[in-house]
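Engineer: I would like to see how this sequence folds:
(chains A and B)
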Protein chains: 2
Amino acid sequence: MYIETKKRSLLKGVSWRVFATATTIVIVYLFFGRLDLAVYAGVLETVAKVFLYYMHERAWFKIKFGKKKIDPFNLWFTGLPLSGKTTIANRVYEEIKNSDFPIERLDSKDVRELIPNIGFSKEERNQHLKRVAHLIKTLQNNSISCVASFVSPYQDSRNNIKEMTENYIEVYIKADIESCKIRDYKGIYKRALSGELKNFTGISDVYEEPKKPTIVIDTDKINIEEAVNQIMKYLKQKYLKV
Amino acid sequence: MYIETKKRSLLKGVSWRVFATATTIVIVYLFFGRLDLAVYAGVLETVAKVFLYYMHERAWFKIKFGKKKIDPFNLWFTGLPLSGKTTIANRVYEEIKNSDFPIERLDSKDVRELIPNIGFSKEERNQHLKRVAHLIKTLQNNSISCVASFVSPYQDSRNNIKEMTENYIEVYIKADIESCKIRDYKGIYKRALSGELKNFTGISDVYEEPKKPTIVIDTDKINIEEAVNQIMKYLKQKYLKV
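Structural biologist: Here you go, the predicted model:
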């Protein structure tokens, strides 16, 4: 979120003047054939108009016409634990951020740290996701888009999030459960299989595959780089265009 | 959060042209004393420069120089239950919103609805306020300021919020506890006095008066209108100036 400083308005005045005056000098010369007078006119014009341009900029700064509110989206990553949601979402977030588009990152882990003592039962997950959706809505009300990564295993809770937020884009990070088990660098699948972790999606709890995801990333077929490109291409076409 | 549409750039080009060309015509006439040629030069200039101005605007739209990030604040209302925090905060929020400044409103009640089952013990209040501060920080990272109203009875938890957020402005809504009891339209003081509500600030729990509030509103001395004006005056001087 930016405001235009006076310095910027002044510099715009100067930069505009350089080639506007050149145009004037050429026009006056074409009409009168006298370069000396054309240059004098140009000099006088320059002095008067840098100041006028500056005033013009400051006046327009207060005028709302033609300023368009940015249309915020909710880029929602869903998939099995360790499917690669967080990694891909982080990369996409960085790319969007670098393009100076207003964006916020929400990951399941960070939000759970903030609101502890939430379990993993269906009811608790849904309550949790409702809060997350509310937070996203608050950000969106202020033109800020979101990159969110949550296992979000139930179709109806994803539907709720779609209802509650604007421009919901569902990215399904598809990964074979066996691949996730092998990838188990956190040792969480092991703990789930031993029964230590309850309600673990994919093991002791269901993951309902998205019915109509906006984008499907099949992590068994494409790498992270390709996944990021595919998502960024979609965003650029629909939301990041200027 | 806005972007500049092409329509806006074009209209700026036209509006600038109107008085820039007038200046050119006057200058050319002063030099050559021939109104007809001055007008022809003006016409030719107009056609060429509306287009050039448009291109100039579009180029500057991509240039970051001189765009200043908005400095977000955290306008924090503290005071006894029913002291008038919410009423005054709502009014101030509306005024800020009308001036098109990016702002969000957080009230104790709304946040408690979102995260239920939080009690009113000192520890629970502090945990709760930490989450609120985190939310405010997230908004501030995106240049959004906050108008927040929370009883927030403890000096050290207010200090925490001050630490965690940017440009903390403490507004102490000072009200005599006896006035609050009389004002008891919600019947909450009555329930607190009967022992039904536990940890009720001012009755069964302490309210630590702010030591160095930025602004003090003495509701026994000034009315809502005056309170809003006093706060807006401060904001305009420090944060809302353009």
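Engineer: what's the spacing between the residue nearest the centre of chain A and residue A:118?
Structural biologist: Closest to where the C-alpha atoms of chain A average out (CA atoms, centre = their mean) is residue A:103, at 4.3 Å. From residue A:103 across to residue A:118, the span is 25 Å (CB to CB, to the nearest Å). To be clear about C-beta, it is placed using only N, CA and C from the backbone, and glycine gets the same treatment.
Engineer: and what of residue A:23?
Structural biologist: Taken as CB to CB, the span from residue A:23 to residue A:118 is 65 Å.
Engineer: more crowded one of those two?
Structural biologist: residue A:23 (16 against 13; other CB atoms under 10 Å in any protein chain shown).
Engineer: residues contacting that one?
Structural biologist: Residues in contact with residue A:23 (CB atoms under 8 Å, 6 or more residues apart in numbering or on different chains) are B:45, B:48, B:49, B:52.
Engineer: so what pLDDT did it get?
Structural biologist: Turning to residue A:23, the model gives it a pLDDT of 77.
Engineer: element containing it?
Structural biologist: Assigned by DSSP states H and E, residue A:23 belongs to helix A:6-32.
Engineer: kindly report the same for residue A:59.
Structural biologist: helix A:35-61.
Engineer: ok, now residue A:179?
Structural biologist: Per DSSP H and E, residue A:179 falls inside helix A:177-182.
Engineer: list the contacts for residue A:141?
Structural biologist: Counting by CB under 8 Å, 6+ apart, residue A:141 makes contact with residue B:104.
Engineer: measure it to residue A:134 for me?
Structural biologist: Applying CB to CB to residue A:141 and residue A:134 gives a distance of 11 Å.
Engineer: now swap in residue A:23 and tell me
Structural biologist: For residue A:23, the distance to residue A:134 (CB to CB) stands at 54 Å.
Engineer: repeat that for residue A:203.
Structural biologist: Distance of residue A:203 to residue A:134, computed by CB to CB: 30 Å.
Engineer: and if you look at residue A:111?
Structural biologist: Distance of residue A:111 to residue A:134, given as CB to CB: 11 Å.
Engineer: any common contacting residues for these two?
Structural biologist: Overlap of the contact sets of residue A:111 and residue A:134 (by CB under 8 Å, 6+ apart) is empty.
Engineer: burial of residue A:213, as a residue count?
Structural biologist: So residue A:213, with other CB under 10 Å, has 18 neighbours.
Engineer: over to residue A:177?
Structural biologist: Look at residue A:177: counted by other CB under 10 Å, it has 16 neighbours.
Engineer: give the contact list for the residue nearest to residue A:60 when sequence neighbours are not counted.
Structural biologist: Sequence neighbours aside, residue B:12 is the residue nearest to residue A:60 in space, at 5.6 Å (criterion: CB to CB, 6 or more residues apart in numbering or on different chains). If a contact means CB under 8 Å, 6+ apart, then residue B:12 has A:56, A:60, B:53, B:57 as its contacts.
Engineer: and these, which of them are buried?
Structural biologist: Buried members of the contacts of residue B:12, counted by 16 or more other CB atoms under 10 Å in any protein chain shown: A:56, A:60, B:53, B:57.
Engineer: what about the third one, distance to residue B:17?
Structural biologist: The span separating residue B:53 from residue B:17 equals 7 Å under the rule CB to CB.
Engineer: adjacent strands (with direction) for the lengthiest strand in chain A?
Structural biologist: Longest strand in chain A by number of residues (criterion: DSSP state E): strand A:168-174. With DSSP bridges as the test, strand A:168-174 is paired with strand A:74-78 (parallel), strand A:215-218 (parallel).
Engineer: just name the most buried of those.
Structural biologist: Neighbour counts (mean count of other CB atoms under 10 Å in any protein chain shown) averaged over each of the strands paired with strand A:168-174 peak at strand A:74-78, with a mean of 27.
Engineer: can you give me the mean pLDDT across that one?
Structural biologist: Mean pLDDT, strand A:74-78: 97.
Engineer: quick one: residues in contact with that strand.
Structural biologist: Strand A:74-78 has contacts (CB under 8 Å, 6+ apart) with A:85-86, A:88-89, A:92, A:136, A:140, A:145-153, A:158, A:161, A:165-173, A:210, A:213, A:231, A:235.
Engineer: quick one, phi psi at residue A:67?
Structural biologist: Torsion angles at residue A:67 (phi, psi; degrees, to the nearest 10) stand at phi -90, psi 120.
Engineer: could you do residue A:106 as well?
Structural biologist: Taking degrees, to the nearest 10, you get phi -130, psi 120 for the backbone angles of residue A:106.
Engineer: may I see the buried residues of the host helix or strand of residue A:89?
Structural biologist: In the assignment (DSSP H and E), residue A:89 maps to helix A:85-98. Within helix A:85-98, the residues scored as buried using 16+ other CB under 10 Å are A:85, A:86, A:87, A:88, A:89, A:90, A:91, A:92, A:93, A:95, A:96.
Engineer: any chance of those in CSV, plus distance to chain B and pLDDT?
Structural biologist: Shown next, in CSV, are the buried residues of helix A:85-98 (distance: CB to the nearest CB, whole Å; pLDDT from 0 to 100):
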residue, distance to chain B, pLDDT
A:85, 20, 93
A:86, 18, 93
A:87, 22, 93
A:88, 22, 96
A:89, 16, 97
A:90, 16, 96
A:91, 20, 97
A:92, 17, 97
A:93, 13, 97
A:95, 17, 95
A:96, 13, 94
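Engineer: so, low pLDDT: which residues of chain A?
Structural biologist: Residues of chain A meeting the criterion pLDDT under 70: A:1-3, A:115-117, A:242.
Engineer: which segments of it make up each domain?
Structural biologist: Using automatic domain parsing, the domains assigned to chain A come out as A:6-61, A:74-238.
Engineer: CSV for the ones you listed, including distance to residue B:34?
Structural biologist: Listed next are the domains of chain A as CSV, based on distance: least, CB to CB, whole Å:
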stretch, distance to residue B:34
domain A:6-61, 9
domain A:74-238, 50
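Engineer: residue A:102 and residue A:232, how far apart?
Structural biologist: Separation of residue A:102 from residue A:232 (CB to CB) stands at 16 Å.
Engineer: and stretch A:183-203, what's buried?
Structural biologist: By 16+ other CB under 10 Å, the buried positions in stretch A:183-203 come out as A:183, A:184, A:188, A:189, A:192, A:197, A:199, A:200, A:201, A:202, A:203.
Engineer: which two among the residues you listed are spaced furthest apart?
Structural biologist: The largest separation in these, counting by CB to CB, is between A:183 and A:199 at 20.4 Å.
Engineer: endpoints of stretch A:136-156, how far apart?
Structural biologist: Stretch A:136-156 has an end-to-end distance of 18 Å (CA to CA, to the nearest Å).
Engineer: in it, what's buried?
Structural biologist: Buried positions in stretch A:136-156, judged by neighbour count with 16+ other CB under 10 Å: A:136-140, A:142-154.
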